[in-house]
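Novice: Next input, structure requested:
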Amino acid sequence: MAIPSSVLSTLDDGLPGSLERLFELLRIPSISTDPAYAGDCRRAAEWLVQDLASIGFTSGVRETAGHPMVVAHHAGASAGAPHVLFYGHYDVQPVDPLALWEDDPFAPAVKTGASGRRIITGRGAADDKGQLMTFVEACRAWKAATGSLPCAVTILFEGEEESGSPSLKPFLDANAEELKADFALVCDTGMWDHDTPAISTGLRGLVGEEIVVKAASRDLHSGLYGGAAANPIHILSKILADLHDADGRVTLPGFYDGVDETPAEILAVWETLGRGADTFLADIGLSIPSGEKGRSVLELTWARPTAEVNGITGGYTGKGFKTVIAAEASAKVSFRLVHRQEPEAIRAAFRAFVQERIPADCSVEFHKHGGSPAIQLPYDSPLLAKARQALSDEWPNETVMIAMGGSIPIVGDFQSMLGMDSLLVGFGLPDDRVHSPNEKYELSSFQKGQRSWARILGALAA
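Specialist: Numbers count the residues shown, from 1 in each chain. Now for the predicted structure:
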């Protein structure tokens with residue numbers, strides 16, 4: 001359905017009230033990782049329950065082994081409209097070092113930032129209280145202007161995202177039927193720039209492996225045994241070097257099974273974003289792209305799989321010098337996955353690759369360090385098209401479809417445990433200083449974020 005103009009005017013007229021509600025939430029120091037703030041985490045959950053109840057949600061605090069969850073439900077106006085699950089988190093990072101804050105981190109305010117734009121200051125302003133409240137305020141405006149919501153909405157707010165989400169998977173497993181919806185909406189992401197909204201369509205998956213190559217029964221004198229005894233550091237170095245060919249492609253058999261090429265029209269959009277190798281690498285003191293030849297840095301970091309060595313140990317690494325042939329050497333290796341790559345298939349291929357290169361009188365041990373599949377929303381998804389247009393209607397620039405080189409675990413959990421794809425839309429900016437002193441959230445992100453979610457809800461119900 002087209003969004004009624006009354007919904008947008010309700011949001012604009014109600015901005016002072018929505019700011020005060022956000023400030024009330026920001027004043028609660030809901031630091032999840034510190035047990036001293038457990039009461040404040042519960043207070044934040046209870047505040048959200050009361051606020052959601054005030055706009056007609058059936059809501060409640062749900063107990064876990066850690067901090068509580070907030071779960072709320074609201075019916076939609078049309079039986080044919082989709083049912084969406086909206087996810088956010090009410091917990092925040094610690095504020096240390098406190099001396100670097102310009103103001104009390106739990107005394108939010110609206111100020112003029114260094115850019116000259118108006119900003120909301122305080123811990124949690126961007127991550128994630130300001131973000132989640134944009135959606136709550138959009139729901140509030142729909143109810144005030146029309147008396148109903150265009151879609152059926154379930155809300156899940158957790159209180160442990162900043163401390164590893166230990167209670168989340170058990171909670172999803174125990175409440176799967178209640179939480180299942182047609183798809184999830186996740187707000188813990190950002191815009192491309194101040195005027196350009198973005199939808200994250202892909203998150204790379206991960207496989208972590210540690211390998212330990214063992215040779216002689218003890219460390220050896222290199223003068224007595226050098227040239228005759230196997231050197232595990234040599235063996236390990238050769239294995240790691242063999243992981244890539246001269247063109248930067250990973251050499252594991254079957255590694256690229258399930259890897260699709262990014263559509264040409266998407267690559268063309270990425271080319272217009274102004275993040276080439278010169279600007280991307282200059283900030284870290286480099287200039288020459290690594291990885292697969294012939295691909296842009298955005299394609300390499302957003303849409304291509306990788307094999308990276310994250311650490312190597314072996315032999316004498318202390319001060320001075322010691323002529324020793326180590327008895328063993330180890331390395332930590334990670335693979336970032338895309339599209340339909342299977343984590344356990346990649347792990348098996350890597351282990352076979354290593355085993356084939358171990359001399360007969362040497363051995364290797366493997367230690368598993370997690371694995372998760374990639375997430376990819378189809379570029380031709382009607383859901384994506386509706387949200388993209390809704391955002392473009394609100395912001396000065398057209399919506400760009402981006403990807404993320406890392407991962408958001410909850411998105412994988414929604415897919416694997418609840419069978420739901422996720423639409424990742426957020427309004428944070430790169431300079432919001434999340435997890436750092438002087439965190440902020442642009443006032444325009446908060447105001448236009450509300451309007452954006454209101455538009456998206458209307459578009460999804462069409």
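
Novice: Please tell me the pLDDT value assigned to Met1.
Specialist: Per-residue pLDDT puts Met1 at 60.

Novice: ignore the last one, Asp242
Specialist: 98.

Novice: same deal with Ser372?
Specialist: Listed pLDDT for Ser372 reads 88.

Novice: can you pull the contacts of it?
Specialist: Gly205, Leu206, Pro343, Ser407, Pro409, Gly412 (C-beta atoms under 8 Å, 6 or more residues apart in numbering). Where C-beta positions appear, they are placed from N, C-alpha and C, glycine not excepted.

Novice: In helices, which of those fall?
Specialist: Secondary structure from DSSP state H places Pro343, Pro409, Gly412 of the contacts of Ser372 in helices.

Novice: hmm, back to that, in a markdown table, list the contacts of Ser372 along with neighbour count, distance to Met133 and pLDDT.
Specialist: Converted to a markdown table, the contacts of Ser372 look like this (neighbours: other C-beta atoms under 10 Å; distance: C-beta to C-beta, whole Å; pLDDT from 0 to 100):
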| residue | neighbour count | distance to Met133 | pLDDT |
| --- | --- | --- | --- |
| Gly205 | 24 | 31 | 92 |
| Leu206 | 21 | 31 | 93 |
| Pro343 | 18 | 35 | 94 |
| Ser407 | 18 | 25 | 78 |
| Pro409 | 15 | 23 | 82 |
| Gly412 | 18 | 25 | 88 |
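
Novice: Between which two of the residues you listed is the distance greatest?
Specialist: Pro343 and Pro409 (13.6 Å; C-beta to C-beta).

Novice: returning to that earlier point: let me know the closest of the ones in helices among the contacts of Ser372 to Ser165.
Specialist: Of the ones in helices among the contacts of Ser372, the one sitting nearest to Ser165 (C-beta to C-beta) turns out to be Pro409, at 6.6 Å.

Novice: My guess is Leu443 contacts Ile119. True?
Specialist: Yes: between Leu443 and Ile119 there is a contact under C-beta atoms under 8 Å: 6.2 Å.

Novice: Looking at those two now, which is surrounded by more residues?
Specialist: A side-by-side neighbour count of Leu443 and Ile119, using other C-beta atoms under 10 Å, places Ile119 first with 25 against 19.

Novice: Surely that one forms part of a strand?
Specialist: Yes: with DSSP: H, G, I helix; E, B strand; the rest coil as the criterion, Ile119 is assigned to a strand.

Novice: So what pairs up with it in the strands?
Specialist: Beta-bridge partners recorded for Ile119 (DSSP bridges): Lys111, Glu442.

Novice: Show the contacting residues for it.
Specialist: Val110, Lys111, Thr112, Gly113, Lys440, Tyr441, Glu442, Leu443.

Novice: give me the number of residues near the second one?
Specialist: Looking back up the chat, that one is Lys111. Neighbours around Lys111, by other C-beta under 10 Å: 13.

Novice: gap between it and His369?
Specialist: Distance, Lys111 to His369, using C-beta to C-beta, to the nearest Å: 43 Å.

Novice: excluding its backbone neighbours, what's nearest the residue nearest in space to the middle of the chain?
Specialist: A centroid search over the chain (C-alpha atoms, centre = their mean) returns Ile408, at 3.2 Å, as the residue closest to the centre. Of all residues not flanking Ile408 in the chain, Leu203 sits nearest, at 5.9 Å (C-beta to C-beta, 6 or more residues apart in numbering).

Novice: and the one you found, what are its phi and psi?
Specialist: phi -130, psi 130 (degrees, to the nearest 10).

Novice: and it, what does it touch?
Specialist: Ala374, Ile375, Ala403, Met404, Gly406, Ser407, Ile408, Val411, Gly412, Leu424.

Novice: Point out the least confident member of these, please.
Specialist: Lowest pLDDT within these is found at Ser407 (78).

Novice: Who are the contact partners of the residue lying closest to Pro150 once chain neighbours are set aside?
Specialist: Using C-beta to C-beta, 6+ apart and skipping residues adjacent in sequence, the residue nearest Pro150 is Ala461, 3.6 Å away. When contacts are counted by C-beta under 8 Å, 6+ apart, Ala461 touches Met1, Gly76, Ala77, Ser78, Ala81, Pro82, Pro150, Cys151.

Novice: in what helix or strand does the residue lying farthest from the centre of the chain lie?
Specialist: Here the chain reaches farthest from its C-alpha mean at Leu224, the gap being 52.4 Å by C-alpha atoms, centre = their mean. Taking DSSP states H and E as the criterion, Leu224 maps to helix 222-225.

Novice: Need the contact partners of that helix.
Specialist: Ala216, Thr323, Val324, Ile325.

Novice: What's the PyMOL line that selects buried ones from the residues you listed?
Specialist: Buried residues within the contacts of helix 222-225, by 16 or more other C-beta atoms under 10 Å, are selected in PyMOL with:
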select buried, resi 216+325
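
Novice: Filter the contacts of helix 222-225 down to the ones in strands?
Specialist: Val324, Ile325 (DSSP state E).

Novice: Could you identify the most distant pair in the contacts of helix 222-225?
Specialist: Maximum pairwise distance among the contacts of helix 222-225 (C-beta to C-beta): 14.7 Å, between Ala216 and Thr323.

Novice: How is this protein divided into domains?
Specialist: Per automatic domain parsing, the structural domains of the chain span 5-203+376-461, 205-259+305-372.
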